[in-house]
Structures are given as C-alpha cells and as structure tokens.
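> Kindly generate the corresponding structure for this input.
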Amino acid sequence: VEGNYRINVPGSESVLVFSSIGYTTEEVTVGNQSTINLAIAPDIQALSEIIVTGYSTENRQQVTGAVATVKPEELVAIPSGNVEQQLQGRVGGVTVITNGQPGTSSIVRVRGFGSFGDNEPLYIVDGLPVGSTDFLQPDDIESTTVLKDAASASIYGARAANGVIVYTTKKGKKDGTMRVSYDGVFGVTMPGTVNNILSPLEQANAIWLAKRNTAAQLGIAPGTEDYLNLFKTDQFGSDPAGPVLPDYLMVGNRFGVVGEIDREAERALYNDDPSKGDIYLVMRADKEGTDWYDAITRPALLNRHTLGFAGGTEKSAYYVSLGMQDQSGIILHQRFQRYTFRVNSEHNITNRLRIGENVQATYLSRQGLIGGSGGRGAADDENDFLSAFRMPSIIPVYNEFGGYAGTQAKGFNNPRNPVAARERGKDSGGFGFAMFGNLYAELDLLEGLTLRSSFGGNLGLNYYNFYNRPSYENSENNSTFSYGEGAGNGRNWTFTNTAQYKQQFGVHDLSLLAGVEALNTGVGRSIGGSGQEPFSRDLDYITLTNTVNRVVNSDYYRGVNFFSVFGQARYTFDNKYIINGVLRRDGSSRFGANNRYGIFPAVSAAWRISEENFMAGATFIDDLKIRGGWGQMGNSNNVDPYNQYSLFASNLSQ
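A predicted model of the protein is given here:
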C-alpha cells in the first residue's frame with residue numbers, strides 16, 4: 001500500500017518496468033543501485049474514460065457507436081424518486097416525459113418513437129435486465145451509459161430497438177482502507193400559483209356575454225320572450241342587463257338564493273349522510289372566489305439520505321449502503337417512500353479466480369398517485385388535478401355546516417370537489433418488497449482471457465388496498481362504500497456466461513467477446529378482490545370478509561423465455577483506426593416455433609483524427625473522431641406473449 005517492494009534481479013543490466021493503470025510507464029536500469037524510489041506521472045491519454053457498455057467495459061476513445069454517459073453527481077442533483085426522471089435534459093437524443101408526481105414512472109424515449117407498440121428502452125442494472133429502475137437509490141449509482149444506436153446496442157439483440165440504458169452501482173477498492181460517505185438531500189417543492197382563474201363575477205359576466213353572442217348569432221331580438229328565456233339561469237338570476245351573484249348556491253332544493261336564511265332552521269334540516277335519509281345541503285356562495293389549485297396543493301418536503309461504507313483488503317472489496325427517500329407530492333396526500341439496503345463485494349479466491357455479488361433489498365411505497373400505469377395515465381384521466389381547474393371559483397370547499405360543497409348545486413356541470421376526493425382516498429395505497437441482485441465468478445484462464453459466469457434476478461412481493469367512499473356534494477355521486485385489496489408475487493432470472501479476450505501486440509489492440517445467455521422476464525401470481533358496504537366504516541374493522549357483493553379475481557403469468565448467443569470483436573490499429581463487429585442470435589418464446597429465432601448483426605468503424613501527426617499542433621483539440629456504423633436491432637416487446645388467446649373484434653364509435 002505504501003509502495004515498498006523487494007525484488008531479486010539477475011544482474012546490473014536488468015531493467016525494472018514500473019507501470020500502473022492511469023500512469024505513464026517508466027523503465028529504469030538497475031546498475032549498482034540497491035534502492036530505487038520512483039514517482040510516475042499521470043498518463044492523460046490512459047486516464048480517458050472507461051465506460052460500461054454491453055457485457056464489458058470499454059475505453060471511450062475506442063467506442064465506435066453512439067454512446068452517452070451521465071456522471072453520478074449530475075443524477076443526484078435532481079431530487080426525484082426515480083432515476084429515469086434524473087436523465088431528463090442530461091443526454092442528447094433521450095427524452096424523458098414525467099408529470100412530476102413522486103415515485104411515478106416516466107416515459108423514456110431514446111431517439112424518438114421507433115414502432116407503433118412498445119417503445120420502452122431496455123434497462124440493465126449490474127448486468128441484469130430490469131423492467132423498472134424505481135428501486136435504485138441514486139447515491140448508489142457509479143455510472144450511467146446510454147446506448148443509442150445499433151452499433152452499440154445490437155449486442156442486446158431482440159430487446160434493443162428502443163435503446164439501452166446501463167446502470168452500474170458502486171464498488172469498493174482492494175486498497176486496505178475503508179471510506180465512509182454520507183449523501184443527504186433535504187428540500188421543499190413549491191407548487192407555485194395560478195393567476196389566470198376567473199373570479200365569480202368575471203365568470204358570470206363571461207356567461208352573460210356568451211348568451212348575448214348566442215342571441216346575436218341566432219337573430220333573437222332583445223326584449224322578446226326567446227331572448228328573456230335565454231338568460232334564465234339556476235345561479236345568476238335572469239336579468240339580461242347583467243348577472244346577480246347569489247348569497248347561497250344551494251339551500252335544500254332551492255338554488256341561487258339571494259338574501260339571508262334562518263341558519264338554525266336550515267341546520268335542523270341539514271343532512272349529508274345518505275343512510276339517514278334524503279340529502280339536504282346548504283352551500284354559501286364564495287363571492288371572493290375559491291382558489292381550487294391552492295386548495296389541493298401544498299409545499300412538499302423531500303428527504304433523501306444514503307450512508308455508504310466502501311473499502312477492502314488486498315484480496316477483497318466491498319460496498320455497503322443504507323438509503324432512504326421520503327418525498328411528498330405537491331397534491332394533498334401524495335407520498336413516496338423507499339428504503340434500501342445494498343451489499344456489493346468481490347473476493348479473490350486465488351490470483352486468477354474471483355467471486356462476488358451485487359444484492360439489494362428494497363421497500364417501496366406509493367400513496368395518492370393520480371393516473372393509471374404507475375402515474376403515467378394522469379393526462380388521460382378525469383382526475384383531481386383537472387377538477388381543480390374545472391370547478392367554478394364561486395363554489396367553496398366546504399358547505400355552511402362543515403361538509404363538502406360541490407356541483408350538487410345546479411348550474412355548474414359535473415366536476416367533482418377535488419379536496420373531498422383527495423381526503424376520501426387518503427388511506428388507499430400499497431407497498432412492495434423486492435430482492436434484486438446477482439452472484440458471479442470470474443476466472444483468468446490465460447493471460448488476457450477471462451471467463452465470467454453470472455446468475456441473478458429479482459424476487460418481488462406487493463400489496464395494495466383502496467377505499468372508495470360515497471360522496472354527496474357532486475352532481476354525479478358515488479352512493480356506495482366499496483373496499484378492495486390485493487397482493488402478488490413475481491420473480492425473474494438471468495443466467496449469463498461470457499468469455500473475453502483482450503490483448504495488445506505493439507500497435508495492435510484486439511478485444512474479443514463471446515457469450516451465452518438465458519433469461520425469463522417474470523413468473524408470478526396475483527389475487528385481488530373488492531366488496532361493498534362493510535358492516536362498519538371504521539378502518540380497523542374493514543376487510544373483504546365483512547363486505548357484500550364480493551368479487552375476487554386472480555392472475556397467473558409465466559413470463560417470456562429468451563436464449564441467446566452473441567459475440568463481439570474489436571480491432572484497433574495504432575490507437576487511430578478502429579473496427580468493431582457484433583453478432584447476436586436471439587430466441588424468444590413470444591414467437592411461434594417457425595419464427596422463434598432472429599439474428600442481429602452490426603458493424604462500425606472509427607478514425608481518431610486527433611492521433612494523426614498532422615494534428616499534433618492542434619493543442620485545442622483533445623480528441624477528434626469520425627465514426628459510422630450499421631446494424632439491426634429487434635423489438636420483441638411489441639408482441640403479446642398471450643396473443644394466441646385473443647380474438648379479433650371491432651366496434652363502432654365516434
């Protein structure tokens with residue numbers, strides 16, 4: 001560790017060669033010296049970036065494909081619950097679409113949309129394909145590489161057409177030291193303000209203007225019966241001269257009430273519980289205007305902390321981390337929680353044999369997400385955020401006697417009270433627990449030849465429940481209390497074996513890779529049920545057992561099997577001219593027996609102009625390279641593995 005050494009040499013003419021990765025190589029003739037102390041300088045060229053690509057690492061200078069990397073500090077700078085969102089704006093050609101909800105999955109597109117079906121990129125974490133990266137703690141990530149073209153991504157064959165994003169996690173060093181790191185983020189997300197919402201009077205005046213325009217378009221003369229009928233409303237009077245804001249939007253079965261009421265008499269009639277009889281509501285008009293966006297939003301706190309331990313001995317290296325993230329959303333009752341425990345280690349069994357593992361346990365919980373598909377469907381749904389902009393500002397959040405107000409008062413179409421919806425759903429949510437990782441062994445069979453075998457996968461468990469409480473304040477109400485819950489489990493595996501040969505012969509640099517891989521995308525079961533009207537609405541007593549009209553469903557899926565053989569060859573001459581070839585043969589159970597296998601080739605080349613002698617004087621250029629390539633990739637994700645059970649159908653719609 002301190003650089004001390006002792007070596008026997010045959011004679012004074014012996015030459016010692018001092019070398020270290022990232023430093024210049026120095027040769028010293030022993031002569032009559034008994035002690036040689038030497039300081040070697042960093043090699044700027046040798047310090048060029050090493051990046052993780054397909055099944056191997058490469059020097060960036062020798063990469064012939066479209067490959068982009070993201071530094072770890074750039075990822076953690078964005079306080080997101082998902083590392084996909086942290087790629088937004090970091091890589092050219094990569095588009096990340098997200099709606100900002102904590103823990104929501106993002107739409108990631110590498111160089112746009114490539115098909116009419118599934119356009120999701122392939123995610124690789126520590127050599128294993130994963131369906132989602134939401135389990136990753138950003139502070140655990142060592143490197144992020146995006147493979148954008150066929151020259152770089154075709155090594156993944158039938159799953160690479162939409163690009164490949166490769167993550168590797170941190171590891172320790174075999175240097176006899178231990179390093180303790182702490183990374184923490186504490187912040188607040190402010191929801192901002194919305195300033196272009198009409199006040200109640202402005203909205204009423206806009207309604208009157210629309211009525212006057214309608215009369216003009218239809219040729220209805222002012223003062224006629226048809227003209228007067230046009231101005232009859234439930235809330236703003238019927239005077240063509242202008243609207244009148246009511247004092248009460250609703251008093252029982254009366255609407256647009258002007259003047260005061262007998263509050264005690266109305267309190268005696270008030271009822272917002274359908275089980276106790278007919279609904280009788282009293283809603284005062286908010287003439288100043290309700291800021292519905294402000295009513296459903298709040299400043300949202302973020303906490304993310306990671307404690308890491310990295311180090312090793314001369315024969316072992318380890319990285320252990322504990323991480324947590326607790327992030328609220330700006331919308332009421334949204335919350336994302338993630339707790340992780342990771343262990344990465346590698347051990348030298350002999351000078352040629354190494355074994356290791358990358359393992360992580362994750363607890364993950366989401367509450368209050370808007371939209372299906374993990375929050376992606378928010379823009380397609382009739383959700384609470386949209387209701388906040390549809391609700392007229394004259395409607396208050398609460399009615400005169402503490403219940404909710406809403407469009408039960410006639411004249412306001414059918415948006416629902418978003419505050420009521422958020423509070424009624426605050427107890428709904430779910431959580432998951434997963435174990436992810438792999439075990440591997442590496443053997444240096446010969447000089448430059450390394451065999452590697454890795455087996456890993458994911459085991460996941462999940463649970464969810466929901467409470468759909470009845471409403472009374474809206475024009476379209478849910479009159480039934482329903483409850484549902486469900487759980488599931490799933491597992492997948494990947495078995496990869498590779499042989500890699502790297503050797504340099506003078507000005508010739510050769511790298512060969514061959515591999516065999518088998519995997520299953522996921523096997524699992526799930527079950528869920530729902531029922532109505534539990535005997536008690538106390539959360540401590542609600543189960544499916546004490547509901548009526550119960551419905552139970554279950555699901556079983558077997559996943560998709562892949563078997564692949566692949567190879568890659570790269571030759572570099574004089575660190576200037578590079579040629580690279582890739583060939584992969586993929587077989588997938590998604591396809592029938594007659595079309596089960598596909599071959600995906602790629603070839604690329606590069607010329608490092610900056611290494612030519614005529615560029616020696618161009619000190620302002622560090623590295624200049626011209627590259628080009630051709631290749632084929634596949635998209636098996638667009639084929640439903642169960643499509644043999646689907647029937648053709650059509651429907652008539654507008």
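
> R254 and Q408, how far apart?
In this structure, R254 and Q408 are separated by 12 Å, where distance is defined by CB to CB, to the nearest Å. The way it works is simple: take the backbone N, C-alpha and C, and place the C-beta from them, glycine included.

> higher neighbour count, those two?
When R254 and Q408 are compared for neighbours, Q408 comes out ahead with 24 against 14, by other CB atoms under 10 Å.

> Going by contacts, tell me the helices and strands next to the longest helix along the chain.
Selection of the longest helix in the chain by residue count, based on DSSP state H, yields helix 200-218. Helices and strands touching helix 200-218, as assessed by 3 or more CB pairs under 8 Å, 6 or more residues apart in numbering; DSSP states H and E, comprise helix 225-230.

> what lines up beside the next helix or strand after the helix it packs on in the sheet?
Proceeding N to C from helix 225-230, the next assigned helix or strand is strand 248-251, under DSSP states H and E. Here strand 248-251 is paired, per DSSP bridges, with strand 254-257 (antiparallel), strand 282-284 (antiparallel).

> residue ranges of the strands in the stretch 401-550 of the chain, please?
In the stretch 401-550 of the chain, strands defined by DSSP state E, counting those that start in this stretch lie at 429-446, 449-468, 482-505, 508-532, 548-557, listed in chain order.

> Next, the angle from the fourth one to strand 482-505.
Between the direction of strand 508-532 and that of strand 482-505, the angle (axes from the mean of the first three to the mean of the last three CA atoms, to 10 degrees) works out to 180 degrees.

> just the first one next, same as before
Put simply, strand 429-446 runs at 20 degrees to strand 482-505, going by the same axes, to 10 degrees.

> Note down every partner strand of strand 429-446 and its orientation.
Strands flanking strand 429-446 in the sheet, each with its direction: strand 353-367 (antiparallel), strand 449-468 (antiparallel) (DSSP bridges).

> so where's the protein shaky on pLDDT?
The chain contains residues with pLDDT under 70 at 1, 21-23, 42-48, 81, 377, 379-381, 643-654.

> Leaving out chain neighbours, which residue sits closest to the most centrally placed residue in it?
Closest residue to the average C-alpha location of the chain: S105 at 3.8 Å, with CA atoms, centre = their mean. With sequence-adjacent residues excluded and distances taken as CB to CB, 6 or more residues apart in numbering, S105 is closest to G374, at 3.9 Å.

> Touching, S564 and V516? I think so.
Yes. S564 lies in contact with V516 (CB atoms under 8 Å); the separation is 7.1 Å.

> quick one: which of the two has more around it?
Between S564 and V516, S564 has the larger neighbour count (other CB under 10 Å), namely 22 against 14.

> host element of the more buried one?
Per DSSP H and E, S564 falls inside strand 561-573.

> Output the contacting helices and strands for the helix or strand containing A153.
Mapping A153 onto the secondary structure by DSSP H and E places it in helix 150-153. In this structure, helix 150-153 makes packing contacts with strand 597-608, strand 625-631, judged by 3+ CB pairs under 8 Å, 6+ apart.

> would you list these in a markdown table and tack on mean neighbour count and distance to N351?
Output for those, formatted as a markdown table (neighbours: other CB atoms under 10 Å; distance: least, CB to CB, whole Å):
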| stretch | mean neighbour count | distance to N351 |
| --- | --- | --- |
| strand 597-608 | 19 | 35 |
| strand 625-631 | 16 | 37 |
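
> Adding distance to D262, write those strands out as JSON lines.
Below are the helices and strands packed on helix 150-153 laid out as JSON lines (distance: least, CB to CB, whole Å):
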{"stretch": "strand 597-608", "distance to D262": "79"}
{"stretch": "strand 625-631", "distance to D262": "81"}
